[in-house]
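A.B. asks: Could you look at this predicted model? Sequence included:
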Amino acid sequence: MNTNRHSTLNACVIGLGSQSMNDHVPSLLRRDYVSLVAVCDINEQRINEFCIKYPQLRNKVKAYTSCSELLKNEKIDIAIVAVPHNKYLPIMKELCKRGVYFMKEKPLARNGTEMKKMLRLPNIRKYCFVCAQRRYSSLYKRAYDLKEKIGVPYLFSVIYTLKVANPNEGWRGNLTKAGGGCIIDMGYHIIDQLLWWFGEPKKIFVSKSSLAVPGVKGYAEDTSIISFKYNNGLQGSILLSRSAGEKREECSYSQSKNVNLLI
């Protein structure tokens, strides 16, 4: 990718959900070396909402309901893709085919079979970047920097909860479309953070349930507890829930010099 800040990179956003509207689009607009030239969503209502929220872009950014049409008609250098998990594969195939660098929302894939299909796409490792935001948080980065200075960690605890009224509804509640519930969605960020902090665990134990909505079976898990054990004796757990209590994100770990970090 051309990273010369004296040149302008043409960007597009594929998928106009809340993540794109509130985070990705503003992020692109803040960069003077990026020009947002096109957006895409199969839902025309989302495009209308984009035009209402960003009226200054109405005549500058072209809108499409087809990713193929967008890539055929526009010269795109970089793309941000944020769509339901079951919609990524054909979009990724098209972007790789056309040599467009892109960042996709997590997860990489819904399951091992889909992951193998993605990894067979031409030059996928060159063009694809997966978004995992916690590594760029100043608080998490500070904890990483302190980790080596205050002792050897032996215990960690993570709590990440949301209060979703109906966790069984929408594509996120559909096990087939989403590939999973709170683990692959919310938990992805935290697990990536733990891999950054502590490396890969030796053993993982997972329990999960879909009981928050009485009388509804088979939807993506709304609650999970995951336990980790590492070769050096470190152990810890994550509590995840899309239905228990108010929004809460808290990480803590204890180290051998009796110092506890709480984030």
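C.D. replies: It's in. Numbers count the residues shown, from 1 in each chain.

A.B. asks: Going by C-alpha atoms from here, please, whenever you check contacts or count neighbours.
C.D. replies: Will do.

A.B. asks: Could you report the separation of the nearest residue to Glu105 once chain neighbours are set aside from Gly233?
C.D. replies: Spatially, and ignoring its direct neighbours in sequence, Glu105 is nearest to Cys131 (5.0 Å; CA to CA, 6 or more residues apart in numbering). The spacing between Cys131 and Gly233, counted by CA to CA, to the nearest Å, is 30 Å.

A.B. asks: of these two, who's got more company?
C.D. replies: Cys131 (17 against 11; other CA atoms under 10 Å).

A.B. asks: What residues of stretch 122-130 count as buried?
C.D. replies: Ile124, Tyr127, Cys128, Phe129 (16 or more other CA atoms under 10 Å).

A.B. asks: Going by distance to Lys117, which of these wins?
C.D. replies: When these are ranked by distance to Lys117 (CA to CA), Ile124 comes first, at 10.5 Å.

A.B. asks: List the contacts of the closest one.
C.D. replies: Cys96, Met118 (CA atoms under 8 Å, 6 or more residues apart in numbering).

A.B. asks: for Asn86, same thing?
C.D. replies: By CA under 8 Å, 6+ apart, Asn86 lies in contact with Arg110, Lys177, Ala178, Gly179.

A.B. asks: Swap in 6 Å and give it another go.
C.D. replies: Applying CA atoms under 6 Å, 6 or more residues apart in numbering, we find Asn86 in contact with Lys177.

A.B. asks: Could you list the low-pLDDT ranges of the chain?
C.D. replies: For the chain, the stretches flagged by pLDDT under 70 are 1-6, 257-263.

A.B. asks: in it, which helix has the most residues?
C.D. replies: helix 186-198 (DSSP state H).

A.B. asks: So which residues of the stretch 151-263 of the chain form strands?
C.D. replies: 153-161, 203-209, 223-229, 235-241, 248-255, 259-262 (DSSP state E, counting those that start in this stretch).

A.B. asks: centroid residue for this structure?
C.D. replies: Geometric centre of the chain, nearest residue: Lys106, 3.2 Å, by CA atoms, centre = their mean.

A.B. asks: who touches stretch 35-45?
C.D. replies: 9-16, 61-65.

A.B. asks: hang on, I meant stretch 161-177
C.D. replies: 86, 178, 219-220, 240-248.

A.B. asks: Kindly reformat those residues as a markdown table containing distance to Lys116.
C.D. replies: Listed next are those as a markdown table, based on distance: CA to CA, whole Å:
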| residue | distance to Lys116 |
| --- | --- |
| Asn86 | 15 |
| Ala178 | 17 |
| Tyr219 | 25 |
| Ala220 | 22 |
| Leu240 | 27 |
| Ser241 | 29 |
| Arg242 | 29 |
| Ser243 | 32 |
| Ala244 | 34 |
| Gly245 | 37 |
| Glu246 | 37 |
| Lys247 | 34 |
| Arg248 | 34 |
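
A.B. asks: What about those, which are in helices?
C.D. replies: Ala178.

A.B. asks: returning to that earlier point: please point out which parts of the longest helix of the chain sit buried.
C.D. replies: So for helix 186-198, counting by 16+ other CA under 10 Å, buried means Met186, Gly187, His189, Ile190, Ile191, Asp192, Gln193, Leu194, Trp197.
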